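[1] starting from these lines, generate the structure:
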Amino acid sequence: MTTTTLAVLVPLLPFLAAAAGLLLGRTAPGFVRPLAVLPTLASLVLAVTVAVHQGGGQAIDSHTELTPTGSVPIELGLHIDGFAALVAVLVGVVATCVQIYSTGYLRDDPRYPSYAALVSLFTSAMLLVVYSGDLMVLLVGWEVMGICSYFLVGHYWETPEARAASLKAFLVTKLGDVPFLIGLFALATDADSFRITRVLGTVAGGGLHDPTLVALLLLAGVAGKSALFPLHTWLPDAMAGPTPVSALIHAATMVAAGIYFVARLLPVFQASAAAMVVLAVMAGVTMVGSGLAALAQDDIKRVLAYSTIGQLGYMAGALAVGDRGAAVFHLLAHGAFKALLFLAAGVIIHASGTNSLAVMSRMKDLRHRVPDAYWTMTVALLALAAIPPFSGFFSKEAVLGAAEHVATGHTEQAPGAAGWIVLVTGLVTAVLTAAYATRLWLLAFRGHGTQAPDHGRQPITMTAVLWVLAIPSLAFGLAFGPLPDWFDGRDLTPVLTTSVLGTGLALVGGIVTYGAWRHTTVLATRVPMGAVAAHPGADAGQVEAEAIAVHEPAFGDVAYAPDPADPGRLLLGPLHRHAAVGFHLDAVYTVLFVRPVQAGASLVRFLDREVVDTYVRGAGALPRWLGTAVRRAQTGNVQTYVSALLAGTVVLVVAALLVATGA
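    Below is the predicted model of the structure:
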């Protein structure tokens, strides 16, 4: 079997599994779990085989015309270079772990068959994006992921939070997809082809007519899909979905797609210095803003959501300084430890019965109830904080090193301003990342108070995958030596200056947060700590109990009392209340966009009902009135008809006489 055939099977197998799962989910429930796990596992094995065959050498290209268009052809093609092969392996690993984990996490969920099928379809769509050699085929996978995220985020559709979150995710990403599609058409028009290799050849030859406009149009779609500022607001709300879905979206699909797209078409963006600076600004604001917001969140999944946004900012920053090798290196490392963080968080939520760090901080033995999650999450948080020798250290330092090279003028692959923006904001974010990672670990595992509740032992399918993902979280960073052969050949060895600065700042962030936690813990012993405060009229215990019954605490149904032992409040001070709500961006968008659209819709509805419908009703009323008048004349009484005939005859005679007399 040729490498091309194997590559075609990689996205095809999960797609077939999704179709079979949707068809057989109700009629043959015994096949649901095998259909969820085995095809995804087989796809992973094939992706590894393709990566071994590709070996970081010459890209695998294969294409056939999908349909004649009469103008720009659309081709079903593959373009698998080194980083495409490795990203496909990442997708397969995370998707397989998520499917195995979900068999335990959602074992009692009545909608598990449709959930598993949608996860398989999600995986297939991302693999199509990774392997596609044609922009229109890539767009198909891009949009399929959007609809899958809508259904998966809204899996718990009984709750208004899940419904609102799924709709928000869909609409915000679609908002970016409109200019994205226009940008794709502009690229294809200039290159006379949707094939990626021809587009890149056109760019190399200076064939783009307006590279800045095209790049900015594409960046709008990337910002929506990869949750970069200013279209990042959907991602924290998407935590209303099941935790395994969060792991899949944050680690290997959806948000990774935008970064991957820019990496694949980086020369398009490098053709415009202005676009590179815009991308750097987007990356910088994303990094710093999400770091501050993560430090103020109480929900453990929202902390990780803002963490993902910040790490996506690092990847975008690497692309803004023209180093796609560093971007994809961090994408791969982040995929492993972020999947581990979310899946470990799911175990903790399952054990504690809550998402709230404030409540977890009052459970003194939680780490002993979830030892697997405790140790593996510790590894993942160290990787997130970029502490050597964990994987995040090497990948994050590759980003900072690339930014330092551009900022100091050692390379001219991007504007110097972009280098300085990424370098400074990246170092600031290093402090914030270590701070919120330390805060999460302390509040979740070093709580004081009552005994942690016992909700039963977690299934082996949930805990085993944690150790599988802990291996790359710990050791993948050591691959910085051979990885350049799979990318562009640029050295990924950590730079001494940024390594010392980044690690030192991370240690400072962690130590300061620990000191603040110790201080607030002592303070909290003097302050009466209320337990759970529900919204007015809500029974917090009932809401939480109902949520635990489906292994997923209700998102947003329960509001927790401010925790005086939270170091985030001390560190952020008056900024805390603004950071906790994402710096009010949703409120700003409501004022600028939502309310004007609603007002416009109300005006259109008024005009339709009161103006347009008036003409329509009038056009129908006139014949109705005439018909009523005629109907009343038809009485069926012969005497009436004869009387009317005589009266009419008299009128005619009189009229004739008057005419004759006048004549």
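[2] show me where this protein dips below the pLDDT cut-off.
    66-67, 69-70, 452, 454-456, 522-564, 663 (pLDDT under 70).
[3] ranges for the strands of it?
    60-67, 74-80, 532-534, 558-560 (DSSP state E).
[4] find the residue closest to the residue nearest the centre of the chain in space, skipping its chain neighbours.
    Residue closest to the average C-alpha location in the chain (C-alpha atoms, centre = their mean): Val255, at 4.7 Å. Nearest residue to Val255, sequence neighbours excluded (C-beta to C-beta, 6 or more residues apart in numbering): Ser226, at 4.9 Å. In short, each C-beta sits where N, CA and C put it, glycine included.
[5] which residues touch that neighbour?
    Applying C-beta atoms under 8 Å, 6 or more residues apart in numbering, we find Ser226 in contact with 255-259, 312, 316.
[6] now, the most widely separated pair of the residues you listed?
    Greatest spatial distance among the contacts of Ser226 (C-beta to C-beta): Ala257 and Ala316, at 13.0 Å.
[7] of the two, which one has the most company?
    Neighbour comparison, Ala257 and Ala316: the larger count goes to Ala316, with 28 against 23 (by other C-beta atoms under 10 Å).
[8] so that one touches Ala227, yeah?
    No - the pair Ala316 / Ala227 is not scored as a contact, 10.3 Å apart, by C-beta atoms under 8 Å.
[9] can you give me the helices for the stretch 251-400 of the chain?
    Assigned by DSSP state H, counting those that start in this stretch, the helices in the stretch 251-400 of the chain fall at 255-264, 266-270, 273-294, 300-320, 324-352, 357-360, 366-369, 371-384, 391-407.
[10] what's the answer for the stretch 1-150 of the chain, then?
    Using DSSP H, counting those that start in this stretch, helices in the stretch 1-150 of the chain cover 3-24, 32-54, 82-105, 112-131, 135-153.
[11] between strand 74-80 and the shortest one, find me the angle.
    Just to be clear, that refers to helix 135-153. 80 degrees (axes from the mean of the first three to the mean of the last three C-alpha atoms, to 10 degrees).
[12] buried residues of helix 135-153, list them for me.
    Residues of helix 135-153 classed as buried: 135-139, 141-142, 144-146, 148-153 (neighbour count, 16 or more other C-beta atoms under 10 Å).
[13] that older thread, where's the residue nearest to Val255 relative to Val262, distance?
    8 Å (C-beta to C-beta, to the nearest Å).
[14] give me the common contacts of those two.
    Common contacts of Ser226 and Val262 (C-beta under 8 Å, 6+ apart): Ala316.
[15] run the chain-centre distance for stretch 99-114.
    Centroid displacement of stretch 99-114 relative to its chain, using C-alpha atoms, centre = their mean, to the nearest Å, is 21 Å.
[16] distance between the ends of that stretch?
    Chord length of stretch 99-114, first to last residue, is 13 Å (C-alpha to C-alpha, to the nearest Å).
[17] which residue sits closest to Ser499, ignoring its sequence neighbours?
    Glu397 (5.2 Å).
[18] which residues sit in contact with the one you found?
    So Glu397 contacts 386, 494-495, 498-499, 502 (C-beta under 8 Å, 6+ apart).
[19] which residue comes closest to Ala227 once chain neighbours are left out?
    Leu235 (4.1 Å).
[20] surely the one you found touches Val255?
    Yes - using C-beta under 8 Å, Leu235 makes contact with Val255 at a distance of 7.0 Å.
[21] quick one, helices of the stretch 501-650 of the chain?
    Along the stretch 501-650 of the chain, counting by DSSP H, counting those that start in this stretch, helices occupy 540-549, 567-572, 576-580, 585-589, 595-607, 613-633, 638-662.
[22] so how far is the longest one off the chain centroid?
    Think helix 638-662. 85 Å.
[23] swap in stretch 78-98?
    On C-alpha atoms, centre = their mean, the centre of stretch 78-98 falls 18 Å from that of its chain.
[24] cool, and stretch 63-80?
    On C-alpha atoms, centre = their mean, the centre of stretch 63-80 falls 29 Å from that of its chain.
[25] can I get it in PDB, CA atoms only?
    Presented in PDB, the C-alpha positions along stretch 63-80 are these (Å, rounded to 0.1, in the frame of the first residue of the first chain):
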ATOM      1  CA  HIS A  63      -3.700  15.600  -6.500                       C
ATOM      2  CA  THR A  64      -6.600  15.000  -8.800                       C
ATOM      3  CA  GLU A  65      -9.200  17.400 -10.100                       C
ATOM      4  CA  LEU A  66     -12.300  17.100  -8.000                       C
ATOM      5  CA  THR A  67     -14.700  18.800 -10.300                       C
ATOM      6  CA  PRO A  68     -14.300  21.000 -13.500                       C
ATOM      7  CA  THR A  69     -15.300  24.600 -12.600                       C
ATOM      8  CA  GLY A  70     -14.500  26.300 -15.900                       C
ATOM      9  CA  SER A  71     -12.100  28.700 -14.200                       C
ATOM     10  CA  VAL A  72     -10.100  28.000 -11.000                       C
ATOM     11  CA  PRO A  73     -10.000  24.200 -10.500                       C
ATOM     12  CA  ILE A  74     -10.800  22.600  -7.200                       C
ATOM     13  CA  GLU A  75      -8.500  19.600  -6.600                       C
ATOM     14  CA  LEU A  76      -8.600  16.700  -4.100                       C
ATOM     15  CA  GLY A  77      -5.000  16.800  -3.200                       C
ATOM     16  CA  LEU A  78      -2.500  16.000  -0.400                       C
ATOM     17  CA  HIS A  79       0.500  18.000   0.600                       C
ATOM     18  CA  ILE A  80       2.300  16.400   3.500                       C
END
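[26] with that, I have no additional questions.
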